[in-house]
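>>> Okay, sequence plus prediction incoming.
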Amino acid sequence: MDLELRHLRIVRAVADAGSVSKAASLLGLAQPALTAQLKRIERVLGGALFERDRHGARPTRLGELVLDRARVLLPAAKELQDEAVRFAHTPSPGFRIGATNGPILGGLVDRLAAERKVSTYTSWSTHELNSMVELGRLDYVLTGACGDSGTPTGTLIWEMISLDPVFCLVGEDHPVAKEKEVELADLAGEQWAVTPGDGCFADCFAMACARAGFTPGTIYETDVPTCAHLAQVGRAVVLCQATHQAAQGLVMVPLAGAPLRWRQLLGRHPTAPEAAWVVGQAKQAHMDAVRRSPVYYDWLVRNPGYGTAP
């Protein structure tokens, strides 16, 4: 016999009632039946759980251990059951989308919200978002990965939305601001800024710099507004996705030869609603972002093979 939650309920009932006879009455069982059940539970657990005499039943040291665990497990199991029932009887909220920092979430939400209700959740952690989709708390996750990295593992179904180069963002007074593109090696003396993430981008950037013949200096890992400010005041060069919309006072400059690449990925739960349509809308949102970026649009003319996935 394996230990089950109902067995823990019996142990807790005996402890709460203070005797087997009172527990039997509360559980609606005959006392001999409860006594026999308790003995079977004690055999499974390897020892007596209660000391019983004419004064009642008191937990042994083993009984206290089991009760401590039961008082954690039983409420948790009840909470899970209640949540599952609520989830099963709640109408679909529409599309639940998680995303890391990226340029196409707004366009995707705009397109989906024209048809259905949309809710969003953002995080710097791809692992957190993937877990939420696997647990059914989200339908989709919009995230990214370095161009040469593998597809994330797990139970999610993945679609590549685009393959984009990584560009650099500089202040409009920076020496390279008017260049058509810049060699990574020409930025060897710069400090850098990038938004955080838990992928391999930092390693890929270090390798690209090594191939260009230098080791990067200070790398500020921070949020988008801070990255923009550091570029505007000339404190750092920002690494950004090519679909990024540069704010006033900033200029986006392509890196020659695309030494860094970024894939936009859409992962989904196997039961996610209207998957083919959502994937198509994500690709349309990416194409819209490309059209809003003259620098990237011009670069794509000269560099086929990138952009929105077929």
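All right, it came through fine. Residues are numbered from 1 along each chain as shown.
>>> alpha carbons only for contacts and neighbour counts from here, please
Fine.
>>> Give me the phi and psi angles of the residue most central in space within the chain.
For the chain, the residue sitting closest to the mean C-alpha position, by CA atoms, centre = their mean, is L129 at 1.4 Å. The phi/psi pair for L129 (degrees, to the nearest 10) reads phi -70, psi -40.
>>> isn't P165 right next to H244, touching?
No - with contact defined as CA atoms under 8 Å, P165 does not count as touching H244 (11.1 Å).
>>> Among those two, which residue is more densely surrounded?
Neighbour comparison, P165 and H244: the larger count goes to P165, with 27 against 21 (by other CA atoms under 10 Å).
>>> what kind of secondary structure is the more buried one in?
For P165, the assignment made with DSSP: H, G, I helix; E, B strand; the rest coil gives strand.
>>> Could you pull up the residues touching it?
By CA atoms under 8 Å, 6 or more residues apart in numbering, P165 lies in contact with 241-242, 258-262, 306.
>>> most surrounded residue in those residues?
Of all those, the highest neighbour tally under other CA under 10 Å goes to A242, namely 28 neighbours.
>>> And the strands in the stretch 51-200 of the chain?
When assigned using DSSP state E, counting those that start in this stretch, the strands of the stretch 51-200 of the chain occupy the ranges 56-59, 95-99, 118-122, 140-146, 157-171, 192-194.
>>> Mind giving me the packing neighbours of the first one?
Right, the one you point to is strand 56-59. helix 5-17, strand 50-53 (3 or more CA pairs under 8 Å, 6 or more residues apart in numbering; DSSP states H and E).
>>> so which of those is the most packed in?
Greatest average neighbour count among the helices and strands packed on strand 56-59 goes to helix 5-17 (a mean of 18), per mean count of other CA atoms under 10 Å.
>>> what packs against it?
Here helix 5-17 touches helix 20-27, helix 31-45, strand 56-59, helix 61-88, going by 3+ CA pairs under 8 Å, 6+ apart.
>>> how many neighbours does A208 have?
Residues lying near A208 (other CA under 10 Å) number 19.
>>> Need the three-state assignment for it.
Taking three-state DSSP, the label given to A208 is helix.
>>> Which residues are in contact with it?
A208 touches 259-260, counting by CA under 8 Å, 6+ apart.
>>> Mind putting the helices and strands packed on helix 5-17 into a markdown table with mean pLDDT, distance to T122 and mean neighbour count?
Formatted as a markdown table, the helices and strands packed on helix 5-17 follow (pLDDT from 0 to 100; distance: least, CA to CA, whole Å; neighbours: other CA atoms under 10 Å):
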| stretch | mean pLDDT | distance to T122 | mean neighbour count |
| --- | --- | --- | --- |
| helix 20-27 | 88 | 47 | 18 |
| helix 31-45 | 89 | 45 | 15 |
| strand 56-59 | 91 | 48 | 18 |
| helix 61-88 | 85 | 22 | 13 |
